[in-house]
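**Student:** A predicted structure for the sequence below; I have some questions about it.
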Amino acid sequence: MPAPQHIDVISGDALVLVGTMKGAFILRSDAARARWDVAGPYFPGRAIYAMAYDGRNGRNRLWAAVNSPHWGSYLSSSNDFGRTWTEPEAYAIKFPEDTGLALNQIWQLVPGAADQPDTLYCGVEPASLFRSDDAGATWSLVRGLHDHPHRSKWMPGGGGLCLHTILPDQKNSQRIHVAISSGGHYRTDDGGATWQARNVGVRAQFLPPENRYPEFGQCVHKLASHPSKPERMFLQNHWGLYRSDDHGDTWQDIANGVPSDFGFGMAVDPNHADTVYIVPLESDEFRCTPGAKMRVYRTTNAGASWDALTNGLPQEQAFETVLRDCLTTDRLAPTGIYVGTRSGKLFGSNDAGASWTSVLEALPPVVCVKTARP
């Protein structure tokens, strides 16, 4: 196995966490984000579908969801930016015996709301939500969602029956949104005790025309919202691009001026509540960037219109695929944007998308990109 390179991190640095099919990488830069130091690979040879950073309550903790042929899918953490990692036995995401289920894969790891400094949420396959209230030391299944009467009717998407997106409401910690492929968007308003399907206006293109707007069963690919305006949400569907102004109760189509409303990645600009970034793909049969051009699309008016961001991105023979967790932003100003592709490229912008550079060009297939600032 290749010996990983390490980096030194100081307060205020910009970090980009990259999970690939063959290990995890950590990139570090200063606030200018003009040059990047690269650490890794960590867990070489193993797929890393989820990474996260927890800087709350004095922690400097990195998390990685590791897929091992021996241990299965497990969580590992590092308190020294990758120099050491916990062993597989340290953190157990396990279904209770009475469920009859076994963990297939960990898809998402997200810190709780601002008033939950020790809470973490974990989304897994088969589609379920786990919660920790002790910074990840122990985990429990969120029974309210697991026991939902819709569960038996959820159907697996192309990546399996997975809960892949978790969106806590930063103004109301009792409200949490999740997305399930192919169950749709669900919301709790009581901290997870009960859940409701919230998919009004979102179509299921793969169903017969008379049934294309069901209560649940949509293949939602991503949810996003800005912490300051949690009632306004954005949704990238398996065919469909939507906005909600009522916490997801209803959705309206905002695919205005994009080459395709099929795609996976979606990210809100932390500095502008009505600015959202997406990477459209040609179709569900040809999941590459339309016209073989690498373009990130941005709206600055909550979806009323979209502009293609291309400066510095390849515009010829760029048959790129961007998955749901491979488009993200940082909290610096101007906003940084990062896009990873299945062909192992990582593109970055340090000026809110006005210009782009190739950060790395020869990674294993990228399946997760996250940011952090210690």
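**Tutor:** Noted; the coordinates are in hand.
**Student:** gap between the two ends of stretch 296-308?
**Tutor:** For stretch 296-308, the first and last residues are 6 Å from each other (Cα to Cα, to the nearest Å).
**Student:** who touches it?
**Tutor:** By Cβ atoms under 8 Å, 6 or more residues apart in numbering, the residues outside stretch 296-308 that reach it are 232, 234, 241, 243, 254, 256-258, 272, 274-280, 295, 309, 313, 327, 337, 339, 349, 353, 356. All C-beta spots, glycine's among them, are computed from the backbone N, C-alpha and C.
**Student:** Pull out the buried residues from it.
**Tutor:** 296-299, 302-303, 306, 308 (16 or more other Cβ atoms under 10 Å).
**Student:** repeat for stretch 104-121
**Tutor:** So, applying 16+ other Cβ under 10 Å, buried residues of stretch 104-121: 105-113, 116, 118-121.
**Student:** where does this structure dip in pLDDT?
**Tutor:** Within the chain, no range satisfies pLDDT under 70.
**Student:** Tell me where it has helices.
**Tutor:** Secondary structure of the chain by DSSP state H: the helices cover 143-146.
**Student:** ok, back up a step: PyMOL command for the buried members of the contacts of stretch 296-308?
**Tutor:** Here is the PyMOL selection string for the buried members of the contacts of stretch 296-308, based on 16+ other Cβ under 10 Å:
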select buried, resi 232+234+241+243+254+258+274+275+276+277+278+279+280+295+309+313+327+337+339+349+353+356
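**Student:** Distance to Glu89 added to the buried residues of stretch 104-121, as CSV?
**Tutor:** Below are the buried residues of stretch 104-121 laid out as CSV (distance: Cβ to Cβ, whole Å):
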residue, distance to Glu89
Gln105, 18
Ile106, 15
Trp107, 21
Gln108, 22
Leu109, 18
Val110, 23
Pro111, 23
Gly112, 25
Ala113, 30
Gln116, 26
Asp118, 21
Thr119, 23
Leu120, 18
Tyr121, 22
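**Student:** Looking at the residues you listed, spot the one nearest His226.
**Tutor:** Nearest to His226 among those is Ala113, at 13.9 Å by Cβ to Cβ.
**Student:** Just to check, that closest one is in contact with His177?
**Tutor:** No. With contact defined as Cβ atoms under 8 Å, Ala113 does not count as touching His177 (11.8 Å).
**Student:** shared neighbours, the two?
**Tutor:** Joint contacts of Ala113 and His177 (Cβ under 8 Å, 6+ apart) are 168-169.
**Student:** Pick out the residue nearest the middle of this structure.
**Tutor:** In the chain, the residue lying closest to the centroid (Cα atoms, centre = their mean) is Asp325, at 3.6 Å.
**Student:** So that residue versus Phe264, what's the distance?
**Tutor:** Distance of Asp325 to Phe264, given as Cβ to Cβ, to the nearest Å: 8 Å.
**Student:** what number of residues lie near Pro96?
**Tutor:** 11 (other Cβ atoms under 10 Å).
**Student:** try Asn172
**Tutor:** Asn172 has 14 neighbours, counted by other Cβ under 10 Å.
**Student:** Same check on Glu320?
**Tutor:** 23.
**Student:** Thr341 is in contact with that one, correct?
**Tutor:** Yes. With contact defined as Cβ under 8 Å, Glu320 reaches Thr341; the gap is 4.4 Å.
**Student:** between those two, what contacts are shared?
**Tutor:** Counting by Cβ under 8 Å, 6+ apart, nothing touches both Glu320 and Thr341.
**Student:** Contacts only, for Ala292.
**Tutor:** Counted by Cβ under 8 Å, 6+ apart, Ala292 has contacts 316-319.
**Student:** I'd like the residues you listed as TSV, with neighbour count and distance to Val66 appended.
**Tutor:** Putting the contacts of Ala292 into TSV (neighbours: other Cβ atoms under 10 Å; distance: Cβ to Cβ, whole Å) gives the following:
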residue	neighbour count	distance to Val66
Glu316	8	37
Gln317	9	34
Ala318	17	31
Phe319	17	29
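**Student:** Just give me the closest of these to Gly72.
**Tutor:** Here the nearest of the contacts of Ala292 to Gly72, counting by Cβ to Cβ, is Phe319; it sits at 32.9 Å.
**Student:** Show me the beta-bridge partners of Phe130.
**Tutor:** Cys122, Leu141 (DSSP bridges).
**Student:** Could you tell me how many residues sit around it?
**Tutor:** Using other Cβ under 10 Å, the number of residues around Phe130 comes to 22.
**Student:** can you start the count at 626 instead of 1 from here on
**Tutor:** With the count now opening at 626, the last piece we talked about shows up as Phe755.
**Student:** how close does it get to Thr914?
**Tutor:** 34 Å.
**Student:** Do me a favour and get the end-to-end distance for stretch 955-965?
**Tutor:** Taking Cα to Cα, the first and last residues of stretch 955-965 lie 14 Å apart.
**Student:** what's next to stretch 971-985, contact-wise?
**Tutor:** By Cβ under 8 Å, 6+ apart, the surrounding residues in contact with stretch 971-985 are 641, 643, 650, 652, 657-659, 661, 663, 894, 896, 900, 902, 919, 921, 923, 934, 936-938, 957, 959-966, 969-970, 986, 988, 991, 994.
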